[in-house]
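**Student:** turn this into a model:
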Amino acid sequence: MKIAVLGGGNGSFAAAGDFALQGHDVRLWRRDKDAVTAHRAAGSRIVVKNAQGTLDTQLTLVTTDIAEAIRDAELILCPAPAFAQPDIARVLAPHLADGQVVYLPPATFGSMIFAKAAHDAGNHARIAFAETGTLPWLARKHGPFEVSITIRAKRLPTGVFPLALSDHACKVIDRAFPGVIEPCGDALSGALMNAGPVIHPPLIVMNAGPLEHFETWDIHKEGTQPSIRRVTDALDAERIAVRETFGYHGPHFPLAHHYASEGEEWMYGRGSHDRLTDSGDWREHIVLREHRYMREDLRVGLSFFLSCATLAGTDTPLIKAFLAIGGAICGENFLQGGRTLASLGFGDLDRDGLLKLLREGFAS
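**Tutor:** Presented below is the predicted three-dimensional model:
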């Protein structure tokens, strides 16, 4: 199938390389002209390191022209950070066409940013916007055109906007991720599956001392101690409570399954945490106040969770606490200015109005 991948980070290179290995027609779009020029000069190839070895892949196109990248693409995958979504959505919006599926893994309700951008641009094509709770690959770039993939997701709960297009969207996405996609309802259900705002805030805040002291630190190994795990489970319970208040049913993919060696499989499957730490790719230098665990998962992700909890009438003391402490670490007020339903343009909707919009889509 024809797939367009947007972005130039770890997730985008993992996607482009992995899809090319599967024999798909892959086009990679980036905004960085110099990087695109260099990539073309290197043959528009990506070296993928995975359990099968070191593999060389060929992309169909590497370009800065987003219209060219997505033309006739059935699936458009955008694993860019949440803070990059509004700009990419605006550039993409006029070029989307009937039947295309835009998939954001994960997104923090970013599917609605892309959908609203298309609507506001006057593009009323029949487009599905979907999101899931985690990046489909645990991956790290090892060079400008090389990516190492440690794990590929085994279960991807996927929410779709509008819900009426869920069957179509999940069938298209399933062709890129055979046997992995699990429809979980609407886009908000997909957004409330996001694992990053649960795993990463306790790790970045409760390891603040070691992160500032040591040059490198594996936040997922030395930083994952029993006390932090207990807090993670309690934070995850707040996420699940919000899901249940909105009427979403299980499975809720609790983070405890990510760490378990037996029982029900989580998104990456059993033993995934050990495989992640064994890879050594997450032993790194982390700038505490600038890292995406702080800026994206805590500030953006937990702000969105809190906004949903407020609308649902659910008490979330740990979410509020991490926003307050993270903001104090960064010298900012994270309880203001994050991603909320209001900042996304949906603040005038009550719970039932939001759910109706998610089912039916925007009025033409």
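
**Student:** could you use CA atoms for every contact and neighbour count after this?
**Tutor:** OK.

**Student:** buried ones in stretch 287-297?
**Tutor:** Leu288, Arg289, Arg292, Tyr293, Met294, Arg295, Glu296, Asp297 (16 or more other CA atoms under 10 Å).

**Student:** gap between the two ends of that stretch?
**Tutor:** 15 Å (CA to CA, to the nearest Å).

**Student:** from now on call the first residue 12
**Tutor:** Sure, I'll start numbering at 12, so the last one becomes stretch 298-308.

**Student:** who's in contact with that stretch?
**Tutor:** 92-94, 207-209, 211-212, 215, 219, 222-223, 337, 340-341 (CA atoms under 8 Å, 6 or more residues apart in numbering).

**Student:** which of these sits closest to Tyr279?
**Tutor:** The shortest approach to Tyr279 among the contacts of stretch 298-308 belongs to Gly207, at 13.4 Å (CA to CA).

**Student:** now for that closest one, how many residues are close by?
**Tutor:** Neighbourhood size, Gly207 [other CA atoms under 10 Å]: 21.

**Student:** does it touch Leu146 like I think?
**Tutor:** No - using CA atoms under 8 Å, Gly207 is not in contact with Leu146; the gap is 9.4 Å.

**Student:** rewinding a little: nearest to Ala62, of the contacts of stretch 298-308?
**Tutor:** Checking the contacts of stretch 298-308 against Ala62 by CA to CA gives Gly207 as the nearest, at 24.6 Å.

**Student:** find the residue closest to the closest one in space, skipping its chain neighbours.
**Tutor:** The shortest distance from Gly207 to any non-neighbouring residue, by CA to CA, 6 or more residues apart in numbering, is to Asp308 (5.5 Å).

**Student:** could you confirm that neighbour falls within a strand?
**Tutor:** No - counting by DSSP: H, G, I helix; E, B strand; the rest coil, Asp308 is not found in a strand; it is helix.

**Student:** what's the residue nearest to Arg370 when sequence neighbours are not counted sitting at in phi/psi?
**Tutor:** Leaving aside its chain neighbours, Arg370 sits nearest to Leu174 (4.6 Å; criterion: CA to CA, 6+ apart). The phi/psi pair for Leu174 (degrees, to the nearest 10) reads phi -60, psi -30.

**Student:** which among the contacts of stretch 298-308 end up buried?
**Tutor:** Pro92, Ala93, Gly207, Pro208, Val209, His211, Pro212, Ile215, Ala219, Leu222, Gly337.

**Student:** turn the residues you listed into CSV, including pLDDT.
**Tutor:** Formatted as CSV, the buried ones among the contacts of stretch 298-308 follow (pLDDT from 0 to 100):
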residue, pLDDT
Pro92, 92
Ala93, 93
Gly207, 94
Pro208, 97
Val209, 97
His211, 95
Pro212, 97
Ile215, 96
Ala219, 95
Leu222, 93
Gly337, 97
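
**Student:** from the residues you listed, which is closest to Glu275?
**Tutor:** Taking CA to CA as the measure, Glu275 sits nearest to Val209 out of the buried ones among the contacts of stretch 298-308, at 18.8 Å.

**Student:** contacts only, for that closest one.
**Tutor:** Contacts for Val209 (CA under 8 Å, 6+ apart) come out as Thr243, Leu246, Asp247, Arg250, Leu266, Asp308.

**Student:** how many other residues sit next to the fifth one?
**Tutor:** So that's Leu266. Using other CA under 10 Å, Leu266 is surrounded by 19 other residues.

**Student:** okay, helices next: where are they in the stretch 12-161 of the chain?
**Tutor:** 21-32, 44-52, 77-81, 96-103, 121-131 (DSSP state H, counting those that start in this stretch).

**Student:** of those helices, which is nearest Lys182?
**Tutor:** Nearest of the helices of the stretch 12-161 of the chain to Lys182, taken as CA to CA: helix 21-32 at 16.4 Å.

**Student:** any stretches of the stretch 62-211 of the chain with poor pLDDT?
**Tutor:** By pLDDT under 70, the stretch 62-211 of the chain has no low-scoring segment.

**Student:** quickly list what the residue nearest to Leu115 when sequence neighbours are not counted is bridged to.
**Tutor:** Excluding its sequence neighbours, the residue lying closest to Leu115 (CA to CA, 6+ apart) is Glu142, at 4.6 Å. Applying DSSP bridges to Glu142 yields these beta-bridge partners: Leu115, Gly170.

**Student:** my guess is Glu142 contacts Pro117, does it?
**Tutor:** Yes - if you go by CA under 8 Å, Glu142 and Pro117 touch, sitting 5.9 Å apart.

**Student:** so the two - more neighbours on which side?
**Tutor:** Between Glu142 and Pro117, counted using other CA under 10 Å, the more crowded position is Glu142 (34 against 28).

**Student:** residues contacting the more buried one?
**Tutor:** Shown in contact with Glu142 (CA under 8 Å, 6+ apart): 114-118, 120-122, 169-171, 198, 201-202.

**Student:** where along the stretch 262-375 of the chain do the strands fall?
**Tutor:** Here the stretch 262-375 of the chain has its strands, by DSSP state E, counting those that start in this stretch, at 294-295.
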